[in-house]
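Visitor: Any chance you can model this:
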Amino acid sequence: MQSLLSRTKPVQVQADNLRRSPPTAVVERWHDQCLLVCMLVYKLVFKCVQMLRGRCAGSWQRTLTKELSMSSIDRRTLLKLMGLIGATAAMPFSVARAADNPLVVGFIYVGARDDFGYNQAHAEAAAIIKTLPNVVVIEEENVPETVAVQKSMEAMIRQDGATLIFPTSFGYFDPHVIKMAERFPDVHFAHCGGLWTEGVHPTNAGSFFGYIDEGQYLNGVVAGFASKTKKLGFIAAKPVPQVLRNINAFTLGARSVDPEITTTVIFTGDWSLPIKEAEAANSLIDQSCDVLTCHVDGPKVIVETAEKRGAMTCGYHADQSALAPNGYLTGAEWNWETPYRAHVAASQAGQPMINFLRGGLKEGFVKTSPYGPLVSDEAKARADAVKAEMLAGGYSIFRGPLKDNQGNEVIAAGTALGQTDVVLESMDYLVEGVRGQI
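Guide: Below you'll find the predicted structure:
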């Protein structure tokens, strides 16, 4: 349009022509023609945008023919419309979107939304976010931790207009979230996993996570009372800090009941490998581990395998009690609704990105599953007492003296690390009592 106008010669108007008043009918015809052109341009641009986004089924030729066949115009309506378009065009893009459109929020899952685990916990919270006023939720599941997630994020931004995206899997962050945040500085990327670092990563990205090791510690307390063999089993995906923190918390909880209890850990190598998870569960049960727990995306296979073999389980991510009505003891569950609401509220209010967000039982980021039929009154009393201290904010899981399973002191005597202590975010050891290697 600009190049066309630049090639048009200015019209030379004689002075006496300016003094003449053209007939009213001519003015109205000219006015109508101008309005028709404006409306045509607006509609054609809108149709072209739709076609580019893959949402327009008709061709532009049919659209043009249809619009050119118009014989009458509601000038009052069109004037209002063009006035609104002009006012919107003059506004900053973000302000114009806020005035006319709801907040579009994207959720990306590495697995299926009904996996009885990590992805289901996120999807359940996303379903709650869908009910919030002036919010539109879009979701995509089974997106691997590869360049595929970059394509998913870009599609949500360009095609759906998302301005807040929750990439929920640990491996999405580096390099994928970082790259997309750099490319789209007006979009907020709230990553679940706890990797964002001030001064290193883009300010429109951030991380949120929950202190679910509190739930795993309580799992350990209950498992410690329930175990007859004093051998517990833990099936984990990868030895990243969050996973190691859960293994260690579970073990420390059990050993607070009986210091002779041990936890044998098996790493499967990835977040969702059902066959390996079933094999690991059977292997641990064959080694006399009578209570199992895990940190994989979908605990379903592990819980079902343990139930068939007569072993007990402590759940993780979501409530799996329906899968093991006999052997399910309790579980550590996420409550992602809490951080999701915080990010949505900040985006709707036009506030800066929340770069670092954390919470545990006290803050409502995590919760525990109901007790199963095999949990004794003594176990309930001990676990409830510890949970009450956690809710009050006065319980330290990781306190010295504490050694790793190689005999090295990792926390000195007299030192008690709080949940917000950043050193726990880089945990790289297994505590004494854990059988396994990183």
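Visitor: residues in contact with the closest residue to Ser169 other than its chain neighbours?
Guide: Spatially, and ignoring its direct neighbours in sequence, Ser169 is nearest to Val110 (3.7 Å; Cβ to Cβ, 6 or more residues apart in numbering). To be clear about C-beta, it is placed using only N, CA and C from the backbone, and glycine gets the same treatment. Shown in contact with Val110 (Cβ atoms under 8 Å, 6 or more residues apart in numbering): Asn119, Asn142, Val143, Pro144, Glu145, Thr168, Ser169, Gly171, Tyr172, Trp271, Ser272, Asp297.
Visitor: Kindly report the same for Ser288.
Guide: For Ser288, the contacting residues are Thr229, Lys231, by Cβ under 8 Å, 6+ apart.
Visitor: Kindly report the same for the one 3 residues further on.
Guide: If a contact means Cβ under 8 Å, 6+ apart, then Val291 has Ala223, Ala226, Ser227, Leu232, Gly233, Ala311, Met312, Thr313, Cys314, Leu329 as its contacts.
Visitor: State the mean pLDDT of the helix or strand hosting Gly253.
Guide: Per DSSP states H and E, Gly253 falls inside helix 241-255. Averaged across helix 241-255, pLDDT comes to 97.
Visitor: and after it, which helix or strand comes next?
Guide: strand 262-267.
Visitor: What helices and strands are in contact with that following strand?
Guide: Secondary-structure packing of strand 262-267 (3 or more Cβ pairs under 8 Å, 6 or more residues apart in numbering; DSSP states H and E): strand 231-236, helix 241-255, helix 274-286, strand 434-435.
Visitor: Contacts for it, please.
Guide: With Cβ under 8 Å, 6+ apart as the test, strand 262-267 has contacts from 230-239, 247, 250-251, 254, 280, 283-284, 287, 289, 430, 433-436.
Visitor: got it, and stretch 354-363?
Guide: By Cβ under 8 Å, 6+ apart, stretch 354-363 touches 190, 194, 196, 198, 203, 205-212, 214-215, 338-339, 342-343, 346, 365-368, 387, 390-393, 419-420.
Visitor: How about the contacts made by Val423?
Guide: Shown in contact with Val423 (Cβ under 8 Å, 6+ apart): Leu417.
Visitor: make it 10 Å
Guide: Applying Cβ atoms under 10 Å, 6 or more residues apart in numbering to Val423 gives the contacts Phe398, Val410, Ile411, Leu417.
Visitor: And the residues you listed, which two are furthest apart?
Guide: Greatest spatial distance in the contacts of Val423: Val410 and Leu417, 10.1 Å, computed using Cβ to Cβ.
Visitor: Show me the strands in the stretch 301-438 of the chain, by range?
Guide: Using DSSP state E, counting those that start in this stretch, the strands of the stretch 301-438 of the chain run over 312-317, 328-334, 356-359, 366-368, 398-399, 402-403, 409-411, 416-417, 434-435.
Visitor: Selection in ChimeraX covering whichever of the contacts of stretch 354-363 are buried, please.
Guide: Burial among the contacts of stretch 354-363 is assessed by 16 or more other Cβ atoms under 10 Å; the matching ChimeraX selection reads:
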select :190,194,196,205,206,207,208,209,210,211,212,214,215,338,339,343,346,365,366,367,368,387,390,419
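Visitor: Of all the strands of the stretch 301-438 of the chain, which one is nearest Glu304?
Guide: Set against Glu304 and scored by Cβ to Cβ, the strands of the stretch 301-438 of the chain come closest in strand 312-317, at 9.3 Å.
Visitor: now the angle between helix 241-255 and the closest one, please.
Guide: Per axes from the mean of the first three to the mean of the last three Cα atoms, to 10 degrees, the angle that strand 312-317 makes with helix 241-255 is 150 degrees.
Visitor: Okay, now the sheet partners of strand 312-317, with direction.
Guide: When pairing is defined by DSSP bridges, strand 312-317 lines up against strand 291-295 (parallel), strand 328-334 (parallel).
Visitor: Switch the strands of the stretch 301-438 of the chain over to CSV, and while doing so, append distance to Leu103 to every line.
Guide: What follows is those, written out as CSV (distance: least, Cβ to Cβ, whole Å):
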stretch, distance to Leu103
strand 312-317, 27
strand 328-334, 23
strand 356-359, 18
strand 366-368, 26
strand 398-399, 38
strand 402-403, 45
strand 409-411, 43
strand 416-417, 37
strand 434-435, 44
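Visitor: Nothing else from me, thank you.
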